[in-house]
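J.: Could you look at this predicted model? Sequence included:
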Amino acid sequence: MFAYIVRRLALMLVTLIGISIIIFVLLRVVPGNIVDILFDAAGFVDPTDKANLEKELGLNLPIYQQYLNWIGGLLHGDLGYSYVSEKPALQEILPRIPITARLAALALLFSASIGIPLGVLSAVHQGSRLDYTLRVVSLSGLSLPSFWLGLLILMASVSLFGHMPIYNPNPATWTEAFAIYAVPAMAVGFRSAALTMRITRSSMLEILRQDYIRTARAKGASEASVNYRHALKNAILPVITVIGIEAAFLIGGLIVTETVFNIPGVARFLVEALRWRDYPIVQNLVMLIAVVVVVANFTVDMLYAAIDPRIRYGD
Amino acid sequence: MRSVHALAAAALLLLPAYDVASAGEPKQGGILRVYHRDSPGSASIHEGATFSINVPFMPVFNNLVLFKQDVAQNSADSIVPDLAESWAWSNDGKKLTFKLRQGVKWHDGKPFTSADVKCTFDMLMGKSQQKFRQNPRKSWYNQVEDVTTNGDFEASFSLKRPQPALLSLLASGYTPVYPCHVSPADMRTKPVGTGPFKFVEFKANESIKLTKNPDYFKKGLPHLDGIEFTIITNRSTAILGFVSGKFDMTFPTEVSIPLLKEVKSQAPNAVCVVEPVNVSTNIIVNSSAPPFDNIDIRRALALVLDRKAFVSILYEGQADIGGTMLPAPGGLWAMPKEMLESIPGYGPDVNANREEARKLMQKAGYGPDKRLAVKVATRNIPIYRDPAVILIDQMKSIYIDGDLDVVDTAQWFPKVARKDYSLGLNLTGNAVDDPDQSFYENYSCGSERNYTNYCNREIEKLFDEQSMEKDVTKRKKLVWEIDRKLQEDVARPIILHARQGSCWQPYVKGITIMVNSSYNGYRYEDVWMDK
């Protein structure tokens, strides 16, 4: 197990180094930089002012030098300064992390707590009216874009309740506090709940046909015990994989959801920073997301190993 | 004729978008909640060139003089003292002296003096050691030789030649006075002013908060306790927020005509107005390279335009057709209708214009069997892209096949500056409805914003002549002649002048939306809430 963990950690490190290079190069390949954007607002480009500003921001340095400066700073905990707000990047990013983390966690919780039980129900009652209904719901969950669903929710709440659950940093009541996260979490988590449900269903169907399930039934185990203790425990592995992958994909959904619900999280901030070509913010944020994804994958691998003793490298 | 114009001008002056007198005595208190369309790049008005900065930060500052905030039409007659108590021109029109208010304090408690005026304008003219990171309106002060002080409360602008319009430029929302003791870098993040509201915080992509300045030198003002701008980039969310009552006001002049209908249907009590924004949609033609180096093809291009179709499709009929200067009644300097319609391409018979255009194209060697293929470059933003598509469609009728070339925002001005385009569709905003600002900036030889490199020394002389003219009637006639010549030369064919909507809740009082600029009306010291 120890060798397995070491190997996974080493792979994580190599992946992160690779990602840092890709992010850095890709950002500079995109045409235009912050200086171009600033001059765009002015409606003209003054070559002298442009050169001065590029020098001030260190954009005139060779690309490898810029990369080494960034990585050197990162190792010392210095993420640089935002070109736009002129504040330390860390100061800009840190307050936004808990907002997105809360939203993402709620979305995943929603996805798992809805998707898994409904998937089991659907599999256990295969071919029934309930199964067909749940399959239609899950298909619609996969087809509806989260920005559209988000807007629909906003429109409905304005027209039905005359109220809109968009972000408020100082909610007056706990219900408001809950609503500002729960509603967007549902909008973004609906798709992943649908996916979780479908995977749970198909995995359960496969397991329910196994011999040991028949044996359990023959031994007189209750239906609930068969479904949840014997079948679900084995059917959950692919579901965990999917939830892990969804955690990584969630950031894409969060970008639109944070925009629609006006939530000042990292996902929306990333898009704005990209628009401004605010390299220090974009680099560090993408790196942060990469770390989250890599760590999520690592956690899934560890969970695999913990749940299924057969999956242990080198053992 | 003069009396008719005077009457019309008087009527416009008395036409604030909201009648304050009927609203009763202003009530004190309350936070005005407005949504902001995007996150401004900085808080420094002098370093920006978008009204996304003016709207939230104009209330932090004062100018020397200002366009009266409850008069919808900006003009020389609506200029009132602000940090200056009074002003006077020298007899030769080359010196403008301001007597400054005493006892005014910056928000950090330091006293305001004439040194701050000198500092601000020295920086704008590029004469001081401290530099702005960007100085987009440096050319406004091309005729200013020097700014001098006489004691702490008098400042004078010495000019190279008379320029009566300088006062209008100083009255713009783009011309606040900055404190000497605060660096340009700090002004970008923590602006310090003398204005009715103090800066509290600016969280990028989130919010901008201002609070009442209790020591404001205009006693009894402002009425509000503060202003909060919530940055919402998604238009649908922002409008829903206004409709649900989360906001007291929309971002000014940001509600498009189709969206305005939505607002009115969902919030029937909202007060909404549609006003010109002094932004023209126009065509930029690279006349230094084939095929548009041929004047016949340029003229054909001007003749093909069916401007009414643009107005009808893009603005449901609510936009104006004119030359360079904003059309009346909002605009002060536009050509009379008869004069405008005598310019090729502006006549009402579109088919006849296009017939003439086809003859010009045939003369240049093109026809149904030999069509001209061009790329129509434009920014990848709907307000640019949509008219470009209509233009491509209209050009088909004169044997021109256009191919839309959408350019990322970051690349648009570098591309235009490199003259790396043949034909482009552009938007031009004017901060002040004055020919000096428009002509020199967009058509003067060598100007950075003269994208087409149009250069006509004869017209340049007329620019100076009108700029020095004190008599408004004579100046207007000169301006009309210049505008006509610019259109005839196909310098930058103007398609339309846009109008946009603004809405606020019925309890918000004292809002005036300017009718000839969207950069100058956001001091908000007179705004109050009846609730």
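T.: Structure received.

J.: excluding its backbone neighbours, what's nearest residue A:137?
T.: Counting by C-beta to C-beta, 6 or more residues apart in numbering or on different chains, residue A:194 is the residue found nearest to residue A:137 once chain neighbours are left out, at 7.2 Å. (Each C-beta comes from the backbone N, C-alpha and C, glycine too.)

J.: likewise residue B:183?
T.: Of all residues not flanking residue B:183 in the chain, residue B:130 sits nearest, at 6.5 Å (C-beta to C-beta, 6+ apart).

J.: that older thread, state whether the residue nearest to residue A:137 is indeed within a strand.
T.: No: membership of residue A:194 in a strand is not supported by DSSP: H, G, I helix; E, B strand; the rest coil, which gives helix.

J.: Quick check: chain neighbours aside, which residue is closest to whichever residue of chain B sits closest to chain A?
T.: The shortest separation between chain B and chain A is 2.5 Å, found at residue B:410 (distances taken as C-beta to the nearest C-beta). Beyond its immediate neighbours in the sequence, the residue positioned closest to residue B:410 (C-beta to C-beta, 6+ apart) is residue A:32, lying 2.5 Å away.

J.: and the stretch 351-500 of chain B, which residues reach chain A?
T.: Applying C-beta under 8 Å from any C-beta of the partner chain, we find that the stretch 351-500 of chain B lies next to chain A at B:408-414, B:417, B:448-449.

J.: and what of the stretch 201-350 of chain B?
T.: Within the stretch 201-350 of chain B, the positions adjacent to chain A are B:202-206, B:230-234, B:236-237, B:240-241, B:243-246, B:266 by C-beta under 8 Å from any C-beta.

J.: Among the residues you listed, name the ones in strands.
T.: B:202-203, B:230-231 (DSSP state E).

J.: Residue B:301: what's it in contact with?
T.: By C-beta atoms under 8 Å, 6 or more residues apart in numbering or on different chains, the residues touching residue B:301 are B:283, B:285, B:292, B:357, B:395, B:398, B:400, B:423, B:490, B:493.

J.: so of those residues, which ones are in helices?
T.: Using DSSP state H to define helices, the subset of the contacts of residue B:301 located there is B:357, B:395.

J.: Just send the contacts of residue B:301 back as a markdown table, with pLDDT and neighbour count too.
T.: Formatted as a markdown table, the contacts of residue B:301 follow (pLDDT from 0 to 100; neighbours: other C-beta atoms under 10 Å in any protein chain shown):
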| residue | pLDDT | neighbour count |
| --- | --- | --- |
| B:283 | 97 | 23 |
| B:285 | 93 | 25 |
| B:292 | 93 | 21 |
| B:357 | 97 | 26 |
| B:395 | 97 | 22 |
| B:398 | 97 | 25 |
| B:400 | 97 | 24 |
| B:423 | 96 | 25 |
| B:490 | 93 | 23 |
| B:493 | 96 | 23 |
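
J.: Out of the contacts of residue B:301, which comes closest to residue B:110?
T.: The shortest distance between residue B:110 and any of those, using C-beta to C-beta, involves residue B:283 and amounts to 49.5 Å.

J.: Which residue ranges of the stretch 301-450 of chain B form helices?
T.: Listed in chain order, the helices found in the stretch 301-450 of chain B under DSSP state H, counting those that start in this stretch are B:307-315, B:337-341, B:350-363, B:382-395, B:409-417, B:435-443.

J.: ranking the ones you listed by mean pLDDT, which is last?
T.: Between the helices of the stretch 301-450 of chain B, the lowest average pLDDT goes to helix B:409-417, which shows a mean of 77.

J.: Could you tell me the angle between that one and helix B:382-395?
T.: Using axes from the mean of the first three to the mean of the last three C-alpha atoms, to 10 degrees, the direction of helix B:409-417 lies 50 degrees away from that of helix B:382-395.

J.: returning to that earlier point: and the residue nearest to residue B:410, that's in a helix?
T.: No: assessed with three-state DSSP, residue A:32 is coil; it does not lie in a helix.

J.: Now for it, how many residues are close by?
T.: Using other C-beta atoms under 10 Å in any protein chain shown, residue A:32 has 17 neighbouring residues.

J.: How about the contacts made by the residue nearest to residue A:137?
T.: With contacts taken as C-beta under 8 Å, 6+ apart, residue A:194 has the following neighbours: A:115, A:137-142.

J.: Most neighbours out of these, which is it?
T.: Counting neighbours by other C-beta under 10 Å, the top entry in these is residue A:115, with 28 neighbours.

J.: In which helix or strand does that residue reside?
T.: If you go by DSSP states H and E, residue A:115 is part of helix A:97-124.

J.: list the helices and strands that helix packs on?
T.: For helix A:97-124, the packing partners by 3 or more C-beta pairs under 8 Å, 6 or more residues apart in numbering or on different chains; DSSP states H and E come out as helix A:129-143, helix A:174-208, helix A:232-260, helix A:266-275.

J.: With adjacent residues omitted, what lies nearest to residue B:413?
T.: On the basis of C-beta to C-beta, 6+ apart, the spatially nearest residue to residue B:413 that is not a chain neighbour turns out to be residue A:40, at 5.1 Å.

J.: Just say helix, strand or coil for that neighbour.
T.: Residue A:40, by the three-state scheme (three-state DSSP), is helix.

J.: That one against residue B:409, yeah?
T.: Yes: using C-beta atoms under 8 Å, residue A:40 is in contact with residue B:409, at 5.7 Å.

J.: who's more crowded, the two?
T.: residue A:40 (21 against 16).

J.: mind checking pLDDT for that one?
T.: Value for residue A:40, per-residue pLDDT: 72.

J.: Contacts only, for it.
T.: B:409-410, B:412-413.

J.: Residue A:147 contacts residue A:260, doesn't it?
T.: Yes: under the criterion of C-beta under 8 Å, residue A:147 makes contact with residue A:260 at 5.5 Å.

J.: Go through stretch B:233-243 and flag the buried ones.
T.: Of the residues in stretch B:233-243, B:233-234, B:236-243 count as buried by neighbour count, 16 or more other C-beta atoms under 10 Å in any protein chain shown.
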